[in-house]
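Trainee: Everything below, folded, please.
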Amino acid sequence: MKPFVFILLLIALIAPRHLTAQQAARATVQGRVVDAETGQPLPGAHVFLNASTRGTTTNAEGRYRLDNLPTGSPEIVASMLGFETQRRRPGITDTTTLDFRLHPIVIKLGEIVVSATRPEKWAEYLERFRPLFLGATLNAERCLVVNPEVLDFTYDEDRDYLRATAREPLIIENRALGYRVYYHLQEFESMLGQVRYLGTSRFEELEPRNKREGRRWQRRRRKAYEGSLQHFLTTLFDDKTLKKTRKAGFNVSIAPHFESDPGVTIPARSGAFMKPASKPGTHLLSFDDHLLVVYEPDLPASAPSGVPGGSSVPNLVEYASWITLNNGPTEVDRFGHLFDPYALTTFGLWSRERLADMLPRDFQPGR
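Mentor: Model (predicted):
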């Protein structure tokens, strides 16, 4: 069996999804956004906590203020049409001043191409792009790319290589979860079944048509969170024995022969997958081989509980996820935020969950 591969990226699917009462946000970030070349203020620039609903726009003097942010090193983004997006990760405690100097996007004269029509196969490439970017889930079927015209594609048939760029932020209307997502696409590549993309995102809650739709969105959001990679990493963060992780419903095994038989596993007897890191509030995620993770509450009633070591589990493949570290131990914070965007490769269930199943980092499953 060769499960579908997805190189999971920081902004698409590993945005932290909830805050507990003890981890409630308390910090404030404020500052100015100016033109890096002229020093003039940029009114109307967006400043936001990456992958969250927390954001604002600058006033006439280019000033902004963001309250109720998590302390630590969250990623703050400043963006404005016509300027390069800037991402900063300051150490935030109480009140922090953070100024941005945005550089204008320069288009060389030789790069300007005027055309009344798109490339002949643009629509075909768009259809390829949608499931690769949004995912292959029921939630993805209820998502709409509002402004696909900002996309440009490059395709190499010999390598089955698709590259996408966006001239403006992509606007995604997610009618499954009730969000409008503004996604600043920085990189997107797909080749031979492997996908990777990188960007920053800003969430806005949609207005439900009625109370019934609002309740449906809340149920779907909780379902999207439960059993997700973010749920797993957040639970694993302070768990030295795996008891907390197992109690949350995750069954964790080691798959030492992933390439030849990913269903053959050894029970994970130690919870030492997280080790203290140098930065406060962060740990190092560290393990060998591949981890096989099954979220047992998602299993059908007829399925056997757990993943017994040394046995093959083809009947559980639909509910199984595998992860491996690409470059050794990697930093993760208490919200399940991986600092390296290319730290993990996922296989199986988690590889199919992408932007359509992404929740803002300030999502609280208990609400």
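Trainee: Packing partners of the helix or strand that contains Ala123?
Mentor: Ala123 belongs to helix 122-134 when assigned by DSSP states H and E. When contacts are defined as 3 or more C-beta pairs under 8 Å, 6 or more residues apart in numbering; DSSP states H and E, helix 122-134 packs onto helix 138-141, strand 143-145, strand 151-156, strand 161-166, strand 179-191. All C-beta spots, glycine's among them, are computed from the backbone N, C-alpha and C.
Trainee: Okay, angle between it and strand 161-166 too, please.
Mentor: 90 degrees (axes from the mean of the first three to the mean of the last three C-alpha atoms, to 10 degrees).
Trainee: still on that earlier bit, of all the helices and strands packed on helix 122-134, which one is nearest Trp122?
Mentor: strand 151-156 (6.4 Å; C-beta to C-beta).
Trainee: Mind listing what's buried along the helix holding Ala123?
Mentor: By neighbour count with 16 or more other C-beta atoms under 10 Å, helix 122-134 contains the buried residues Trp122, Tyr125, Leu126, Arg128, Phe129, Arg130, Pro131, Leu132, Phe133, Leu134.
Trainee: And stretch 80-95, by the same measure?
Mentor: Met80, Phe83, Thr85, Gln86, Arg88, Ile92.
Trainee: Tally up the residues packed near the closest residue to Phe133 other than its chain neighbours, please.
Mentor: Excluding the flanking residues, the one nearest Phe133 by C-beta to C-beta, 6 or more residues apart in numbering is Leu355, at 6.0 Å. Leu355: 23 surrounding residues under other C-beta atoms under 10 Å.
Trainee: okay but Leu355 is in contact with Pro131, surely?
Mentor: No - assessed by C-beta atoms under 8 Å, Leu355 is found out of contact with Pro131, at 10.7 Å.
Trainee: What segments of the stretch 201-350 of the chain are helices?
Mentor: 211-225, 229-236, 243-247, 349-352 (DSSP state H, counting those that start in this stretch).
Trainee: Which helix or strand in this protein has the lowest average pLDDT?
Mentor: helix 10-13 (a mean of 38; mean pLDDT, DSSP states H and E).
Trainee: about what we covered before: please convert the helices and strands packed on helix 122-134 to a markdown table, extending it with distance to Gly31 and mean neighbour count.
Mentor: Below are those laid out as a markdown table (distance: least, C-beta to C-beta, whole Å; neighbours: other C-beta atoms under 10 Å):
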| stretch | distance to Gly31 | mean neighbour count |
| --- | --- | --- |
| helix 138-141 | 36 | 16 |
| strand 143-145 | 32 | 19 |
| strand 151-156 | 32 | 16 |
| strand 161-166 | 27 | 16 |
| strand 179-191 | 20 | 19 |
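Trainee: closest to Pro300 out of those?
Mentor: helix 138-141 (16.3 Å).
Trainee: among the helices and strands packed on helix 122-134, which is nearest His231?
Mentor: Nearest to His231, of all the helices and strands packed on helix 122-134, is helix 138-141, at 15.7 Å by C-beta to C-beta.
Trainee: From Glu296, how far off is Arg219?
Mentor: Look at Arg219 and Glu296: by C-beta to C-beta, to the nearest Å, they are 20 Å apart.
Trainee: should've said Ser190
Mentor: Ser190 sits 32 Å away from Glu296, taking C-beta to C-beta as the criterion.
Trainee: and the buried residues of helix 122-134 as a markdown table, adding distance to Val252 and pLDDT?
Mentor: Below are those laid out as a markdown table (distance: C-beta to C-beta, whole Å; pLDDT from 0 to 100):
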| residue | distance to Val252 | pLDDT |
| --- | --- | --- |
| Trp122 | 44 | 95 |
| Tyr125 | 39 | 96 |
| Leu126 | 38 | 97 |
| Arg128 | 34 | 95 |
| Phe129 | 34 | 97 |
| Arg130 | 33 | 97 |
| Pro131 | 29 | 96 |
| Leu132 | 28 | 96 |
| Phe133 | 29 | 97 |
| Leu134 | 28 | 97 |
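Trainee: Looking at those, which is nearest Pro43?
Mentor: Phe133 (31.7 Å).
Trainee: didn't the closest one look like it was pressed against Phe188?
Mentor: Yes - using C-beta under 8 Å, Phe133 is in contact with Phe188, at 6.7 Å.
Trainee: This protein - how does it break down into domains?
Mentor: Following automatic domain parsing, one finds the domains of the chain at 22-102, 122-213, 224-357.
Trainee: residues touching Asp357, list them.
Mentor: By C-beta atoms under 8 Å, 6 or more residues apart in numbering, the contact set of Asp357 is Leu13, Gly135, Thr137, Asn139, Ala140, Leu177, Ala224, Ser228.
Trainee: actually Phe273, not the one I wrote
Mentor: Contact analysis of Phe273 by C-beta under 8 Å, 6+ apart lists Leu236, Leu285, Ser286, Phe287, Leu291.
Trainee: Of the residues you listed, grab the buried ones for ChimeraX.
Mentor: The following ChimeraX line selects those of the contacts of Phe273 that are buried, judged by 16+ other C-beta under 10 Å:
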select :236,285,287,291
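Trainee: of all the contacts of Phe273, which comes closest to Asp333?
Mentor: Leu285 (10.6 Å).
Trainee: Look up how far Ala51 lies from that closest one.
Mentor: 19 Å.
Trainee: Equivalent analysis for Leu69, please.
Mentor: 13 Å.
Trainee: These two: which is more packed in?
Mentor: A direct count of neighbours by other C-beta under 10 Å for Leu69 and Ala51 places Ala51 higher, at 31 against 19.
Trainee: Stretch 340-360: how far from the chain's middle?
Mentor: Taking C-alpha atoms, centre = their mean, to the nearest Å, the mean C-alpha location of stretch 340-360 is offset from the chain mean by 6 Å.
Trainee: Thanks a lot, see you next time.
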